[in-house]
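> Fold the following.
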Amino acid sequence: MTAARRLDPTSVAGVALTVALVAGCQWLEGGALRTLAQGAAALVVFGGTAAALLVSFPFETLRRAIAAAARAFLTRPVSELALVGQFKQYAMCTRRRGVLVLERDIADAGDLFLARALELAVDGHRPDDIRRALEIDSRTREDRDEACAGVLEAAAGYAPTMGILGAVLGLIQVMEHLASPSRLGEGIAVAFVATVYGVASANLLFMPLATRMRAAARADAVTRELVIEGMTAIQAGMHPRTLEEQLLAFVAEAGARASVSDRAA
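Modelled structure (predicted):
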């Protein structure tokens with residue numbers, strides 16, 4: 001059902017471009033790049049954002065969000081047409097030898113959702129029961145994916161506020177050392193760099209990651225819907241050619257819905 005994940009060069013290039021944009025603007029304005037490397041500012045913004053997330057979400061949700069954010073830099077090509085062909089083969093085998101023949105395919109499914117669908121069919125559940133069980137499982141996965149994207153969106157909301165907090169702390173340091181001009185520059189740098197960290201990380205990292213995670217979640221949801229339609233059709237005894245035509249129509253409809261959704265966004 002699925003191929004091995006591999007690094008997506010576009011996402012990596014996007015992160016590199018984000019860093020290059022900030023550094024390039026600093027350089028074009030005649031500033032020193034080392035000015036952007038402020039440990040105190042980074043601690044306030046990213047440490048404060050992490051602390052706010054720990055208060056806002058259960059640890060398990062945060063753990064899943066971190067894993068999902070890491071997977072966002074990977075791509076796993078899934079061909080719906082290949083999956084349709086796979087279900088056609090399932091239908092042909094079950095038509096000749098019965099549904100128990102699918103038991104040998106469970107271990108090689110390559111996806112937990114497909115494996116569960118095969119198990120339900122092999123166990124002899126009715127088509128309606130299979131659909132109900134798989135839809136519940138799919139909705140649970142969708143809720144988890146949405147929660148992970150919500151964590152990144154929350155981080156995008158906290159980071160700029162933490163940047164303002166860092167700016168205030170830096171200005172406090174400036175006020176405390178007005179009599180020592182040599183220390184004023186450090187405080188001012190922390191103040192403004194913290195704001196840069198907060199705004200840049202929110203709009204150039206956290207929000208784009210949340211958007212990418214939602215797009216991947218939508219694609220996974222469509223694949224799960226295809227599995228549900230295919231497995232219930234097989235269990236209902238649908239002819240392989242009819243099943244193929246039905247699943248191809250579903251893929252075309254899902255693609256049309258995705259296009260409309262992208263234009264609306």
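> Do I have it right that N203 meets E153?
No: the pair formed by N203 and E153 falls short of the contact definition of C-beta atoms under 8 Å, at 11.8 Å. (Each C-beta comes from the backbone N, C-alpha and C, glycine too.)
> So the two - more neighbours on which side?
Between N203 and E153, counted using other C-beta atoms under 10 Å, the more crowded position is E153 (17 against 14).
> Quickly find the element holding the more buried one.
Following DSSP states H and E, one finds E153 within helix 127-176.
> same check, this time on S11
Assigned by DSSP H and E, S11 falls in helix 9-28.
> Mind checking the pLDDT average for the helix or strand just after that helix?
Using DSSP H and E, the helix or strand that follows helix 9-28 in sequence is helix 39-42. Per-residue pLDDT over helix 39-42 has a mean of 86.
> from the chain's centre, how far out does the helix or strand immediately after helix 39-42 in the chain sit?
Counting by DSSP H and E, the next helix or strand C-terminal to helix 39-42 is helix 48-56. What separates the centre of helix 48-56 from the centre of its chain is 20 Å, taken as C-alpha atoms, centre = their mean, to the nearest Å.
> in stretch 246-255, what's buried?
246-247, 250-251, 254 (16 or more other C-beta atoms under 10 Å).
> Just the residues contacting it, thanks.
Contacts with stretch 246-255, where a contact means C-beta atoms under 8 Å, 6 or more residues apart in numbering, come from 80-81, 83-84, 87-88, 222, 225-226, 229-230, 233, 238.
> rerun that using 10 Å as the cut-off
Surrounding stretch 246-255, the residues in contact under the criterion C-beta atoms under 10 Å, 6 or more residues apart in numbering are 79-81, 83-85, 87-88, 91, 218-219, 221-223, 225-230, 233, 238.
> ok so, going back, okay, the buried residues of stretch 246-255 in TSV with pLDDT, secondary structure and distance to M175 next?
As requested, the buried residues of stretch 246-255 are exported to TSV (pLDDT from 0 to 100; DSSP: H, G, I helix; E, B strand; the rest coil; distance: C-beta to C-beta, whole Å):
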residue	pLDDT	secondary structure	distance to M175
Q246	91	helix	71
L247	91	helix	68
F250	87	helix	65
V251	86	helix	64
A254	76	helix	59
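> Closest one of the residues you listed to Y158?
Using C-beta to C-beta, A254 comes nearest to Y158 of the buried residues of stretch 246-255, at 35.0 Å.
> Okay, now the unreliable bits of the stretch 101-250 of the chain?
For the stretch 101-250 of the chain, applying pLDDT under 70 flags the ranges 179-187, 189-190.
> counting contacts, what elements does the helix holding S11 pack onto?
The contact analysis (3 or more C-beta pairs under 10 Å, 6 or more residues apart in numbering; DSSP states H and E) places helix 9-28 against strand 74-75, helix 184-201, helix 207-235.
> Contacts only, for the residue nearest the centre of the chain.
For the chain, the residue nearest the mean C-alpha position is M213 (2.1 Å; C-alpha atoms, centre = their mean). Listed by C-beta under 10 Å, 6+ apart, the contact set of M213 reads 65, 68-69, 71-72, 145-146, 148-153.
> how far away is it from L74?
Using C-beta to C-beta, to the nearest Å, we find M213 at a distance of 12 Å from L74.
> Next: E103.
From E103 to L74 the distance is 31 Å (C-beta to C-beta).
> ok, now Q89?
28 Å.
> Now the terminal residues of stretch 41-53, how far apart.
Using C-alpha to C-alpha, to the nearest Å, one end of stretch 41-53 lies 18 Å from the other.
> Name the residues that touch that stretch?
For stretch 41-53, the external contacting residues (C-beta under 10 Å, 6+ apart) are 36, 38, 61-62, 65, 151-152, 154-170, 189-202, 206.
> let's see 7 Å
Residues from elsewhere that reach stretch 41-53, judged by C-beta atoms under 7 Å, 6 or more residues apart in numbering: 62, 151, 154-155, 158-159, 162-163, 165-166, 169, 190, 193-194, 197-198, 201.
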